[in-house]
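S.K.: Task: produce atomic coordinates for the following.
(one chain, ligands or ions: 2)
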Amino acid sequence: MREVIVQTSTEYAVLIGRGLLEQAGAEIAKRIRPCKAAVITDSTVAELYAEKVEKSLQKAGFSCCRFVFPAGEGSKNIHTLSEMLEFLAEEEMTRQDIIVALGGGVVGDMAGFGAAVYQRGIRFVQIPTTFLAAVDSSVGGKTAIDLKAGKNMAGAFYQPHLVLCDVETMQTLPRKYFADGIAETLKYGVIGDAKLFAQAASGKFCENLEGIIETCVKMKRDIVVEDEFDTGRRQLLNLGHTLGHAIEKRSDFTITHGHAVAIGLYLIAKAAEQRGIAQAGLAGQIKEALEQNGLPTETAYTAEEIMAGILRDKKRRGGEIVFVFPVKIGYCELISIPVEDVQKLVEEVLEKKVEPI
Ligand code: NAD
Ligand code: GLY
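M.R.: Residues are numbered from 1 along each chain as shown. Ligands and ions are numbered 1, 2, ... in the order given. The predicted structure is shown next:
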């Protein structure tokens with residue numbers, strides 16, 4: 001088993017290994033005195049893994065209750081949050097109790113935000129079951145729900161007390177969702193690790209899944225410890241996300257987060273090259289790595305449609321938007337662009353003009 005310690009406002013361990021679902025109760029009990037545990041999960045993951053986790057918790061002395069919501073990004077909203085909070089109250093959960101988020105990034109974001117606001121904050125444990133949640137969303141304490149206006153528009157920075165990543169859960173993950181995690185892994189490679197990029201680009205994951213997860217978690221840990229509240233260097237983790245979020249939202253979430261990030265990653269690399277920020281050939285290198293892993297690089301949406309999403313993005317700061325531009329594989333820069341120029345950037349990368357309003 002691998003262990004990464006994250007020293008943020010709450011210090012916690014990320015455990016990565018095999019068979020961790022069976023050991024969940026024992027591992028949690030080492031850090032949190034047995035109490036009541038609310039397992040928050042989605043309809044797909046509940047069928048696969050909820051019983052195993054609950055049995056393990058009960059064996060370690062926890063009592064359990066379970067809240068299940070329909071799988072998918074469409075559930076990451078205020079209605080599910082409201083139902084979840086009412087459920088916690090009906091179950092008479094107190095601040096001595098815990099939430100266990102069992103699932104992908106949607107479950108982690110939802111349950112984490114619920115944990116942040118229920119009784120002004122109760123402890124929670126992340127048990128990621130998707131590759132994306134393992135390499136990215138379960139670590140770092142960003143929790144959120146979507147609003148009609150955009151992705152992750154309401155949320156909190158709220159760190160978990162423990163992250164338990166059982167890589168055996170990836171065996172049941174459909175290929176399409178596994179690819180979502182590859183997109184985020186390639187993102188980490190472009191931000192700061194050329195070796196990781198090459199490894200992910202080759203598509204050889206099975207050989208070293210735990211090692212790849214550990215590398216991403218350590219990179220995220222180092223960035224988050226320096227900038228927990230996303231005012232500086234953490235913004236690098238948004239590489240590909242400004243365009244990606246706009247595409248994901250415009251598709252009404254029929255395009256998954258990871259697939260949208262893949263498109264955003266390629267487009268921003270293309271923009272960086274067009275502006276002379278990136279080394280020549282970088283966009284092609286990223287395109288090849290994405291395509292090798294079955295990820296998309298193109299969008300049918302117009303520049304107007306993407307611009308509408310970008311203007312609502314929470315990364316907007318007044319009249320400017322901070323973009324993460326890749327310079328070369330393993331190095332990126334944060335550059336603020338005035339909103340008027342963002343339109344030009346989107347037109348250039350899509351090679352389509354935005355019609356004047
Ligand atoms: P997801 O949670 O929707 O999971 C994808 C699908 O896989 C779902 O249908 C789920 O039921 C199913 N699934 C989960 N685990 C499974 C397993 N082991 N076997 C079979 N099926 C399984 O999507 P995701 O890609 O994990 O997460 C995307 C979300 O994460 C987005 O909402 C995104 O905004 C968020 N995110 C958050 C952060 C953060 O830092 N908080 C970072 C990146 C992404
Ligand atoms: N996934 C972006 C972040 O955690 O900051």
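S.K.: For Leu162, give me phi and psi.
M.R.: Torsion angles at Leu162 (phi, psi; degrees, to the nearest 10) stand at phi -170, psi 150.
S.K.: Hmm, Leu15 and it touching each other?
M.R.: Yes. Judged on Cβ atoms under 8 Å, Leu162 makes contact with Leu15 at a distance of 7.4 Å. Where you see a C-beta, it was placed from the backbone N, CA and C, and this is true even at glycine.
S.K.: anything in contact with each of these two?
M.R.: Common neighbours of Leu162 and Leu15, using Cβ atoms under 8 Å, 6 or more residues apart in numbering, are Glu27.
S.K.: Settle it for me: which of those two has more neighbours?
M.R.: Taking neighbours as other Cβ atoms under 10 Å, Leu162 and Leu15 compare with Leu162 leading, 22 against 18.
S.K.: Run through the residues that contact that one.
M.R.: If a contact means Cβ under 8 Å, 6+ apart, then Leu162 has Tyr12, Ala13, Leu15, Glu27, Ile28, Arg31, Ile32, Val125, Gln126 as its contacts.
S.K.: Of these, just say which sits nearest to ligand 1.
M.R.: Using Cβ to the nearest ligand atom, Gln126 comes nearest to ligand 1 of the contacts of Leu162, at 9.7 Å.
S.K.: So what does the closest residue to the closest one other than its chain neighbours look like in phi/psi?
M.R.: Once flanking residues are discounted, Gln126 sits nearest to Ser138: 4.0 Å by Cβ to Cβ, 6 or more residues apart in numbering. Per-residue torsions, Ser138: phi -80, psi -10 (degrees, to the nearest 10).
S.K.: next one: Gly189
M.R.: Dihedral angles (degrees, to the nearest 10) for Gly189: phi -60, psi -50.
S.K.: hang on, it packs against Gly330?
M.R.: Yes. If you go by Cβ under 8 Å, Gly189 and Gly330 touch, sitting 7.2 Å apart.
S.K.: would you list the contacts of Leu162 in a markdown table and tack on secondary structure, pLDDT and distance to Leu265?
M.R.: Converted to a markdown table, the contacts of Leu162 look like this (DSSP: H, G, I helix; E, B strand; the rest coil; pLDDT from 0 to 100; distance: Cβ to Cβ, whole Å):
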| residue | secondary structure | pLDDT | distance to Leu265 |
| --- | --- | --- | --- |
| Tyr12 | strand | 98 | 29 |
| Ala13 | strand | 98 | 30 |
| Leu15 | strand | 98 | 29 |
| Glu27 | helix | 98 | 34 |
| Ile28 | helix | 98 | 35 |
| Arg31 | helix | 97 | 36 |
| Ile32 | coil | 97 | 37 |
| Val125 | strand | 98 | 30 |
| Gln126 | strand | 98 | 25 |
